[in-house]
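[1] Sharing a model prediction with you, sequence too.
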Amino acid sequence: MPIAPLTLPEDVESLRALVLSQHEVIGEKERALAQRDQEIRQLAEYVRLLKHQHFGRTSEKAAVLAQLGLFNEAELAVDAEEKAEAPAIEIAAHTRTPRGRKPLPAWIPRVEVLHDIAESEKTCPHDGTRLARIGEDTCEQLELVPAELRVVRHVRPKYACPSCHAGVHAAPLPPQPIPKSLASPGLLAHVAVSKYADALPLYRQETMLARIGIELPRATLAHWMVKAGELVEPLVNLLREDLLATGFVQSDETPFQVLKEPGKRATSLSYLWVLRGNARDGPLLLYEYDPSRSGKVPLRLLDGFMGVLQSDGYAGYDEVGSRPGVVHVGCWVHARRKFDEAVKSLRANERKATSAKETVALQALRQIAALYAIERPLAEATPEERLRVRQERSRPVIDGLRSWLTDALPRVAPQTLTGKALAYLDHQWPKLARVLDDGRVPLDTNAVENAIRPFVVGRKNWLFADTVRGAEASANLYSLIQTAKANGLEPTAYLRHVFTALPGATTLAEIEPLLPHRIDRAVLVDPRRPQG
């Protein structure tokens, strides 16, 4: 089909108007193409990041920085300053650890198995003399005996007067963790630790018990865990009071699905909130279930708290952080993580680029790594010493990062992952910079994130809680078990003692010594193991 000839206007003004209109059409198409290209680049970034998250290494270690030739002037200045200010460190002569297998602990009982030669071989074949024993060769193997089961029979003799028959006398049954139940404190502790410390779901425990001849339905085990979680509620309340009194709390949260929650679908998400603090006696961990992730939850959990709150950038903590008497501190790991994701989304050739504009995320990682390099030797330092070093050495690094951030923000498209990482760092900056003001506060919330990890591992196995009572009981048991572990206690021995002593404890003076950070460790010592 022939193309119709283009008819041009005869007068100049009409021709000018036609040209201008065509320029506008072309401009709109160019803008649409530029927007489409920008969206394609954004989607390509997310695709590369998702591929890396699915197929690549999950570690956030900054090994990539050592492999790439990225050094701009700001980073060279940071490195030079680090080398100039780093004090000389004397390294003492090291001792070599002996190689080989470690000896088995002496407290484990030994069972000797004698492997002797036959009597006919104990005579010398040359002259008939009886062979004399001159020594022995020994080797040890570790034998695992399957779980030992026993039934504890509580026998209460009954007495009566044979003359008047006035009544019957018998000793009362000691208070039990679950009255009229066949669950002993030891069995309850074993089931609870297997689920909440070892991530072993109840249906697997049911199968394992069946293999040794005990039929305990999963429903029974679940009922026991709910009752045990309710039993320790007084301890958890005291744990909360001690934690809020520490003056420094870290907080985080993770999804928690509860099937039978009033007013919510079974597929909807609830949350497990975790608070961590350091008391004088040891670390404290509090797990709390709540159906919501709104800012009202940290307000409730931290009601009456005065001191330093450290969290990630979730806005739900902002209202607590703005209360009088509360100082809200940010997390450098979360800021770093966003730049790490931006680096992982780059093409291979972009990662090797040397221009500052193309490698802004790598520049950020380099400077944050310099901050952690200063902090690393201070792991055992006192808060006063850590604060002094931060003022002298960390402050210049943070001030330099702030100047770099101000310069980088307008140069990067805000829709990209690098742009979003820069915006996050800028938004969180007032909270992040507060680590310079308190030597107690670490650079990040890794400690409370590590406290969430046991729950996340368990969630992959048992997936959800059935009821709200079960979720609340699980949170209580997690609080005691993880606090016991953080304080170096063996959790099964600790819970066995708690389930034995707590049912008969009626006063605060009897309950407080059962807290994991206050308990007398002597009551938990296995008599077979040497102390010290």
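    Here it is on my side, so go on. Numbers count the residues shown, from 1 in each chain.
[2] so what are the domain limits for the protein?
    176-233+470-524, 332-441 (automatic domain parsing).
[3] Which among these is found nearest to Trp462?
    For the domains of the chain, the distance to Trp462 is smallest for domain 176-233+470-524, at 4.1 Å, taking CB to CB. Every C-beta, even on glycine, is put in place using the N, C-alpha and C of the backbone.
[4] I figured Trp224 was touching Ser181, is that so?
    Yes - under the criterion of CB atoms under 8 Å, Trp224 makes contact with Ser181 at 7.1 Å.
[5] Which one's more surrounded, those two?
    Neighbours were tallied for Trp224 and for Ser181 using other CB atoms under 10 Å; the higher tally belongs to Trp224 (22 against 14).
[6] now that one, nearest residue through space, not along the chain?
    Excluding its sequence neighbours, the residue lying closest to Trp224 (CB to CB, 6 or more residues apart in numbering) is Ala183, at 5.2 Å.
[7] Can you verify that neighbour is assigned to a helix?
    No - in this structure, Ala183 is coil, not part of a helix, as judged by DSSP: H, G, I helix; E, B strand; the rest coil.
[8] Which residues are in contact with Pro234?
    For Pro234, the contact set (CB atoms under 8 Å, 6 or more residues apart in numbering) comprises Leu502, Ile511.
[9] let's see it at 7 Å
    By CB atoms under 7 Å, 6 or more residues apart in numbering, Pro234 lies in contact with Ile511.
[10] in what helix or strand does it lie?
    Assigned by DSSP states H and E, Pro234 belongs to helix 233-244.
[11] Buried residues, that helix. List them.
    Residues of helix 233-244 classed as buried: Leu235, Val236, Leu238, Leu239, Arg240, Asp242, Leu243, Leu244 (neighbour count, 16 or more other CB atoms under 10 Å).
[12] Kindly report the same for stretch 286-300.
    So for stretch 286-300, counting by 16+ other CB under 10 Å, buried means Leu286, Tyr287, Glu288, Tyr289, Asp290, Pro291, Arg293, Val297, Pro298.
[13] helix, strand or coil for the third one?
    Put simply, Glu288 is strand when judged by three-state DSSP.
[14] And for it, nearest residue in space, chain neighbours not counted?
    Leaving aside its sequence neighbours, Glu288 sits nearest to Trp273 (CB to CB, 6+ apart; 4.6 Å).
[15] Report the rounded mean pLDDT for stretch 177-191.
    Averaging pLDDT along stretch 177-191 gives 94.
[16] surely Gly229 meets Ser474?
    Yes - the pair Gly229 and Ser474 qualifies as a contact (CB atoms under 7 Å) at a distance of 6.4 Å.
[17] Show the low-confidence segments of the stretch 351-500 of the chain, by residue range.
    Scanning the stretch 351-500 of the chain for pLDDT under 70 picks out 351-358.
[18] Do a quick rundown of the helices in it.
    Secondary structure of the stretch 351-500 of the chain by DSSP state H, counting those that start in this stretch: the helices cover 360-375, 383-389, 395-408, 417-432, 446-462, 468-486, 491-501.
[19] Looking at these, spot the one closest to Val145.
    Val145 sits nearest to helix 491-501 of all the helices of the stretch 351-500 of the chain, at 16.2 Å, using CB to CB.
[20] From the contact counts, what lies against that closest one?
    Judged by 3 or more CB pairs under 7 Å, 6 or more residues apart in numbering; DSSP states H and E, the packing partners of helix 491-501 are helix 185-196, helix 468-486.
[21] Just send those helices back as TSV, with mean neighbour count and distance to Glu341 too.
    Shown next, in TSV, are these (neighbours: other CB atoms under 10 Å; distance: least, CB to CB, whole Å):
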stretch	mean neighbour count	distance to Glu341
helix 185-196	22	32
helix 468-486	24	29
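[22] center of the protein, which residue is that?
    Asn450 (1.9 Å; CA atoms, centre = their mean).
[23] Return the distance of that residue relative to Gln250.
    As judged by CB to CB, to the nearest Å, Asn450 and Gln250 stand 10 Å apart.
[24] and Val168, how many neighbours does it have?
    Neighbour count for Val168, taken as other CB under 10 Å: 9.
[25] So what sits opposite it in the bridge?
    Ala160 (DSSP bridges).
[26] Would you confirm that it contacts Cys161?
    No - using CB under 7 Å as the test, Val168 is too far from Cys161 to be in contact (9.4 Å).
[27] which stretches of the stretch 101-250 of the chain form strands?
    Assigned by DSSP state E, counting those that start in this stretch, the stretch 101-250 of the chain shows strands spanning 158-160, 168-170, 248-256.
[28] which one of the ones you listed lies closest to Glu30?
    Nearest of the strands of the stretch 101-250 of the chain to Glu30, taken as CB to CB: strand 248-256 at 44.2 Å.
[29] Show me what the closest one is packed up against.
    Strand 248-256 sits against strand 270-278, strand 307-310, helix 446-462, with contacts defined as 3+ CB pairs under 7 Å, 6+ apart.
[30] pull the CA atoms of stretch 507-516 into CSV?
    What follows is stretch 507-516, C-alpha atoms only, in CSV (Å, rounded to 0.1, in the frame of the first residue of the first chain):
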residue,chain,number,x,y,z
THR,A,507,6.8,-16.7,97.8
LEU,A,508,9.0,-14.4,95.8
ALA,A,509,12.0,-15.5,97.9
GLU,A,510,11.4,-19.0,96.7
ILE,A,511,10.8,-18.2,93.1
GLU,A,512,13.6,-15.6,92.4
PRO,A,513,16.5,-18.1,93.0
LEU,A,514,15.0,-20.2,90.1
LEU,A,515,15.8,-17.6,87.5
PRO,A,516,18.4,-18.8,85.1
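[31] Residues contacting that stretch, please?
    Contacts to stretch 507-516, defined as CB under 7 Å, 6+ apart, come from residues 234-235, 238-239, 480, 483-484, 487, 489, 494, 498, 501-502, 505, 518-520.
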